[in-house]
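> Sequence unavailable; structure follows:
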Ligand SMILES: [Zn+2]
């Protein structure tokens, strides 16, 4: 991708970076997976300053569409959408797991990328010869294929081997540099789970007094 | 700066709102609602609402800018609901507001949703004189506020101790086999009923409650009383007169709301009452308030229904009041506060 691109991802922790002509100028990834709305914009401001540019110099905005815990995930997506809209530049969407895969400089031929989906589940995808061949999925950690793995959730799966050089956290800088090469997952975030909600059923009687437990 | 041009963003529940005002002049008020998506669940599902906010935000922003015929570069500030509301929903609007403020290099003001419901009236009836009482009634809130200054001094003098008034409407509608949301359908059903047909309880109006809960509300007992009455009829094999139940229930709600609002005006020494929130569109509430306020010599201010429900214009209106008073913008690490107290007008 030519020009100057801002990369944003909040599918795991808060990450932002700037790349020019495919080269990373600045990148920051925060520890922890909370407080996305508090921390994202200050992190963007910091990488913009570190890259020595201003927001109006951007020629594109790239964003990780997940999968990731919903509330945090949406912070990055809406931020990227609004920045692209307000600056009048294109928005590039990528799968966050693809970014982690792309961060691995000398990856094995076959590996998985895993992130924490909470509720004792993980998000994962499998890559072979640089292509995503399975996923993104959300399953229990035990269902992730065995072998070498990357990503902040790799340690949650006993059968996934930690390997030297495997990226552990998303890089907003690499996201910005590589976004144009990665497939577009579409406009809808990669939620992978339905909202928790039950269709309302018959009402409970108020005439029957429920039995009390002592 | 004489009349600041402010864009307001609202996303605390199921409406995505973007409004634009110049001072006290309304320029745009665009709302995308996800209410239809919640109907089959019988109430707002937070995750469904949050997903809808993300989808609706940029299109709503575009419509608002087009309607107001302004460019982002013209704005003097961005205001956004910081709370109270649904966490996952609030966060979408706040993140969007921060990005917009950064891109346009304008200050950001995180403001209180409840105070926004009061502030919106300046768009219709001009600046608020100090010392007013406001009654807020909607699906999410039922409170009485004393408004000293809309941007700096608002205190809650009473609120519901259980369900919000709008929630009670939803629950009674469901009980009567009427669809969600309950407010408008009960209002319509009640039009053909007799409000004195059934004597339902008026929560927290007894002599003892008046000491501790003079300005508080309770609708949970009323809802249970309606349920018990309906079920008893059904058990005895009798028809349920839906119109009479709706009218009698509505009368009980509106009687308490108006009596306490008028009493609050007397206690505070105010001759002005404002009403806001979705239930302020209710025809019986409006009628009874007009009657009782006139009898008590209180001037009633009510914004038109389109401004009573959640929207971005109310947030922009409050933002403009904040900017006109020269108050400082919110910090860069502004977050959402789902339980933001009404006394925190600017975060
Ligand atoms: Zn509201």
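Structure received. All values derive from a computational prediction rather than experimental measurement.
> Now for the residue of the stretch 1-150 of chain B found nearest the ion: which residues touch it?
Here the residue of the stretch 1-150 of chain B nearest the ion is residue B:138; by CB to the ion that distance is 4.8 Å. C-beta here means a position set from N, CA and C on the backbone, and glycine is covered the same way. When contacts are counted by CB atoms under 8 Å, 6 or more residues apart in numbering or on different chains, residue B:138 touches B:117, B:164-166, B:277-280, B:309-310.
> repeat for residue A:50
Residues near residue A:50 by CB under 8 Å, 6+ apart: A:18, A:25-26, A:28.
> Mind checking which of those residues are in strands?
The strands, defined by DSSP state E, take in A:18, A:25-26, A:28 from those.
> ok, and the most crowded of those residues?
Among the ones in strands among the contacts of residue A:50, the one with the most neighbours (other CB atoms under 10 Å in any protein chain shown) is residue A:18, at 28 neighbours.
> Spatially, which residue comes closest to it, not counting chain neighbours?
Excluding the flanking residues, the one nearest residue A:18 by CB to CB, 6 or more residues apart in numbering or on different chains is residue A:51, at 4.0 Å.
> Surely the one you found and residue A:26 touch.
Yes: checked against CB atoms under 8 Å, the pair residue A:51 and residue A:26 is within contact range at 4.3 Å.
> Can you show me the helices along the stretch 101-250 of chain B?
B:113-119, B:122-125, B:165-175, B:182-190, B:207-212, B:220-235, B:242-268 (DSSP state H, counting those that start in this stretch).
> Of these, which is nearest residue B:19?
helix B:122-125 (8.9 Å; CB to CB).
> Tell me where chain A has strands.
Taking DSSP E, the strands of chain A run over residues A:4-9, A:15-20, A:23-29, A:60-64, A:91-94, A:110-118, A:121-128, A:131-139, A:147-150, A:160-162.
> Let me know which of the ones you listed is the nearest to residue A:180.
strand A:91-94 (6.3 Å).
> if we can go back for a sec, could I get the contacts of residue A:50 as a markdown table with pLDDT?
Below are the contacts of residue A:50 laid out as a markdown table (pLDDT from 0 to 100):
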| residue | pLDDT |
| --- | --- |
| A:18 | 98 |
| A:25 | 98 |
| A:26 | 98 |
| A:28 | 98 |
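> Most widely separated two among these?
Most distant of the contacts of residue A:50, by CB to CB, are A:25 and A:28, 11.6 Å apart.
> Any chance you could list residues touching both of the two?
In contact with both residue A:25 and residue A:28: A:17, A:50, using CB under 8 Å, 6+ apart.
> got the buried residues for stretch A:143-162?
A:144, A:148-154, A:156-157, A:160 (16 or more other CB atoms under 10 Å in any protein chain shown).
> on that earlier part again, now for residue A:51 and residue A:26: what residues contact both?
Joint contacts of residue A:51 and residue A:26 (CB under 8 Å, 6+ apart) are residue A:18.
> Output the below-cut-off pLDDT ranges for chain A.
Low-confidence segments of chain A (pLDDT under 70): A:1-2, A:199-214.
> Look up the closest residue to residue B:309, ignoring the ones flanking it.
residue B:278 (4.6 Å).
> can you check residue A:195 too?
Using CB to CB, 6+ apart, the nearest residue to residue A:195 is residue B:47, at 3.5 Å.
> Same question for residue B:130.
residue B:148 (5.4 Å).
> what's the burial count for that neighbour?
Residue B:148: 14 neighbours (other CB under 10 Å).
> Run a quick check on it versus residue B:131, I expect a contact.
Yes: between residue B:148 and residue B:131 there is a contact at 6.5 Å, judged by CB under 8 Å.
> measure the residue lying closest to residue A:47 once chain neighbours are set aside to residue A:35 for me?
Spatial nearest neighbour of residue A:47, chain neighbours left out: residue A:26 (4.2 Å); criterion: CB to CB, 6+ apart. Going from residue A:26 to residue A:35 by CB to CB, to the nearest Å gives 21 Å.
> same deal with residue B:40?
Residue B:40 is 34 Å from residue A:35, by CB to CB.
> more neighbours, these two?
residue A:35 (15 against 12).
> I figured the more buried one hits residue B:334, correct?
No: counting by CB under 8 Å, residue A:35 stays clear of residue B:334, with 11.2 Å between them.
> which residues of chain A fall in helices?
A:36-50, A:70-87, A:96-103, A:172-178 (DSSP state H).
> Which elements pack onto the longest one?
By that I understand helix A:70-87. strand A:4-9, helix A:36-50, strand A:60-64, strand A:91-94, helix B:46-68, helix B:87-104 (3 or more CB pairs under 8 Å, 6 or more residues apart in numbering or on different chains; DSSP states H and E).
> Just send the ones you listed back as JSON lines, with distance to residue A:116 too.
Listed next are these as JSON lines, based on distance: least, CB to CB, whole Å:
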{"stretch": "strand A:4-9", "distance to residue A:116": "14"}
{"stretch": "helix A:36-50", "distance to residue A:116": "14"}
{"stretch": "strand A:60-64", "distance to residue A:116": "15"}
{"stretch": "strand A:91-94", "distance to residue A:116": "19"}
{"stretch": "helix B:46-68", "distance to residue A:116": "18"}
{"stretch": "helix B:87-104", "distance to residue A:116": "18"}
